[in-house]
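Visitor: Quick one, what's the 3D model for this:
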Amino acid sequence: DADEELPRRRRKGVYVLPNLFTLAALFGGFYAIVMAMNGRFEQASIGVFCAMVLDSLDGRVARMTNTQSAFGEQMDSLSDMVSFGAAPALIVYEWALTGMGKLGWLAAFIYCACAALRLARFNTNLSVVDKRFFQGLPSPAAAALVMGFIWVMDDAGYKDIGEQQSWLIWSAFTLTLLAGLTMVTNLPFYSFKEFSLKRTVPFVVTVAIALTIALVMVHPPIVLFDEATSALDSRTEQDILTTMRDVASQRTTISIAHRLSTIADSDTILVLDQGRLAEQGSHTDLLRRDGLYAEMWARQAQESAEVSEAAE
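Guide: Next up, the predicted model:
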């Protein structure tokens, strides 16, 4: 009958929940690149590690909710390429490899290309290889090697890498190549895919997990990457203690302040940047140097002016 309505063709859609985790992981990689462009390498490292956590969840969420799809698989690969391929390569180049010229960007490109090859091989060998093992180092683990090294070194105070730190530049160069080439080897790496959150475990395992989380939160760069470092290196600590003794001998009040106007009249001002002594001197001397203190002073003065204008 011509009057009968034809059945509507069902539109194809995508599952929201697992792809939200994938998009969040993609944002972590993009955020890391932006932070590195602004010289904030600690935040860049955190962005990549957050992407790793989210990447480990999207597949599990899809399997637990029975929302696996071909679209999700492709989206996951593209997200991995950005977060664990392009992002670490660009960040390590910006952090240490820029001064090496062609060798620097060549090492970064090799890492990025190996990540792409690793992901392409993984996608085409899903039905061939043993699921208990990865063929070659997984791209998140390779990114963890590179970004973990940057995070630890940045936390140790190596922020502006120059020619005087040639050992650090070559260490970053070697580690970048090693992480990249390991991704395209045939070495087996345990996948942990047999680990199930549905199985029961002894009570002591839960206690161990809680203690591990607490230990990591004490200082992530130290605990996660087994690097013996501290918030203050010995030289900086000695500089601060010496200045403190000088101030105390003159019986001058010691103040800790965020608003610089409250300490402008102080004889000696210590400017700390992430726990390290960045500048030291009087208000006038620090403004003359046009460094971190002068930048903060100008910013706070502008903020105060804007508040006064709004009040009027």
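Visitor: where do the helices sit along the chain?
Guide: Under the criterion DSSP state H, helices of the chain are mapped to 16-37, 41-64, 70-80, 87-92, 102-124, 139-155, 166-183, 203-218, 220-225, 234-249, 283-289, 292-311.
Visitor: Which neighbouring elements make contact with the fifth one?
Guide: Based on contacts counted as 3 or more Cβ pairs under 8 Å, 6 or more residues apart in numbering; DSSP states H and E, the elements that helix 102-124 packs against are helix 70-80, helix 87-92, strand 133-135, helix 139-155, helix 166-183. Glycine gets a C-beta too; all of them are placed from N, C-alpha and C.
Visitor: residues in contact with Ala25?
Guide: Neighbour list for Ala25: Cys50, Ala51, Met52, Leu54, Asp55, Asp58, Ser79, Asp80, Ser83 [criterion: Cβ atoms under 8 Å, 6 or more residues apart in numbering].
Visitor: now Trp170
Guide: No contacts exist for Trp170 under Cβ under 8 Å, 6+ apart.
Visitor: going forward can the numbers begin at 665, since that is how I track them
Guide: Will do, 665 is the new start, and the previous item becomes Trp834.
Visitor: quick one: it from Gly768, how far?
Guide: Distance of Trp834 to Gly768, given as Cβ to Cβ, to the nearest Å: 11 Å.
Visitor: cool, Ile710 as well?
Guide: 24 Å.
Visitor: buried stuff in stretch 842-850?
Guide: Going by neighbour count (16 or more other Cβ atoms under 10 Å), the buried part of stretch 842-850 is Ala843, Gly844, Thr846, Met847, Val848.
Visitor: quick one: which of the residues you listed is nearest Met739?
Guide: Taking Cβ to Cβ as the measure, Met739 lies nearest Met847 of those, at 20.5 Å.
Visitor: Would you mind measuring from the closest one to Pro804?
Guide: 10 Å.
Visitor: ok, now Glu943?
Guide: Glu943 is 39 Å from Pro804, by Cβ to Cβ.
Visitor: Repeat that for Pro852.
Guide: Pro852 is 17 Å from Pro804, by Cβ to Cβ.
Visitor: Neighbour count: those two, which is higher?
Guide: Counted by other Cβ atoms under 10 Å, Pro852 and Pro804 do not tie: Pro804 has more neighbours, with 18 against 13.
Visitor: I'm done for today, thanks for sticking with me.
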